[in-house]
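Asks: turn this into a model:
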Amino acid sequence: SQAVAGLDQVEKKTSGLSKGMKAAAIPAAAIGGAPVKVALDAKEFASNLQQSTGAVESVFADQAAAVQGYAAAAQDSVGLAKTQYQELAAVTASQLKNMGVSTDQLVGQTDDLITKGADLAATFGGTTADAVGALGALLRGEADPIERYGVSIKDADIKARMAAMGLDKLEGEAAKNARTTALLALLNEQTATATGQFARE
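Replies: This next block holds a predicted model:
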């Protein structure tokens, strides 16, 4: 009877040890896989940063360094990582160039729009990237996305503003630039109450 009791005790202890080893194997496996995931994430991050930097250099040419300076400070100024800022800047600047914005104004107006996106997001919710996307849609002539941020600008409004500014008789590239000027003027007016909201928060 003592031998049987002893065997039962050994079985219970070894069973517990087996369960403990199995339980320990799960986090050990997870820990073993963590360095691999970190390495893959770091590689993807570096690739995205390199790609966005290349896009900035392509779009802004000689002014790329100025944009990279804004991007380096973007975490504090607009709540974006450097890569995110550069990606948004490249797309936004391309749109502005196509709308007739001159090269010497490109960096400033691009940063202004991204900052405006941060202010709109801080005021109405959502992310800065979403708000900048809505601003980009407005630049393309799509008025609906920006309306969630309290902005309503129709084509008729732009034409009326161009006439009020004496820019409605222009043609070609001058007319394209005049339309952009009128659009941005309306945008600045309608978003005035949100200006500086990201910094205040």
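Asks: could you pull up the residues touching the residue most central in space within the chain?
Replies: Closest residue to the average C-alpha location of the chain: Ala129 at 3.3 Å, with C-alpha atoms, centre = their mean. Ala129 sits next to 80, 84, 88, 117 when contact means C-beta atoms under 8 Å, 6 or more residues apart in numbering. No exception for glycine: its C-beta is placed from N, CA and C like everyone else's.
Asks: 10 Å instead?
Replies: 79-80, 84-85, 87-88, 114, 117-118, 121 (C-beta atoms under 10 Å, 6 or more residues apart in numbering).
Asks: try Thr110
Replies: By C-beta under 10 Å, 6+ apart, Thr110 lies in contact with 56, 59-60, 63, 66-67, 70, 85, 88-97, 101.
Asks: same deal with Gly150?
Replies: Residues in contact with Gly150 (C-beta under 10 Å, 6+ apart) are 120, 123-124, 190-191, 193-194.
Asks: same check, this time on Thr103
Replies: Counting by C-beta under 10 Å, 6+ apart, Thr103 touches 60-63, 93, 97.
Asks: for these, work out which two are farthest apart.
Replies: For the contacts of Thr103, the farthest-apart pair by C-beta to C-beta is Asp62 and Lys97; their separation is 14.0 Å.
Asks: quick check on Ala61: phi, psi?
Replies: Here is the backbone geometry of Ala61 (degrees, to the nearest 10): phi 50, psi -120.
Asks: and it, how many neighbours does it have?
Replies: Residue crowding around Ala61 was assessed by other C-beta atoms under 10 Å; the count is 10.
Asks: low-confidence ranges, the chain, go.
Replies: 1-45 (pLDDT under 70).
Asks: filter the contacts of Ala129 down to just the ones in helices.
Replies: 84-85, 87-88, 114, 117-118, 121 (DSSP state H).
Asks: redo the residues you listed as TSV? Include neighbour count.
Replies: What follows is the ones in helices among the contacts of Ala129, written out as TSV (neighbours: other C-beta atoms under 10 Å):
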residue	neighbour count
Gln84	21
Tyr85	29
Glu87	22
Leu88	25
Ile114	26
Gly117	29
Ala118	25
Ala121	23
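Asks: can you tell me which of these lies closest to Ala156?
Replies: Gly117 (25.0 Å).
Asks: so how far is Ala137 from the closest one?
Replies: Separation of Gly117 from Ala137 (C-beta to C-beta, to the nearest Å) stands at 12 Å.
Asks: which residues are in contact with both of these two?
Replies: With C-beta under 10 Å, 6+ apart, Gly117 and Ala137 have no common neighbours.
Asks: buried subset of the contacts of Thr110 as a PyMOL selection?
Replies: Remark: buried members of these, expressed as a PyMOL selection using 16 or more other C-beta atoms under 10 Å:
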select buried, resi 56+59+60+63+66+67+70+85+88+89+90+91+92+93+94+95+96+101
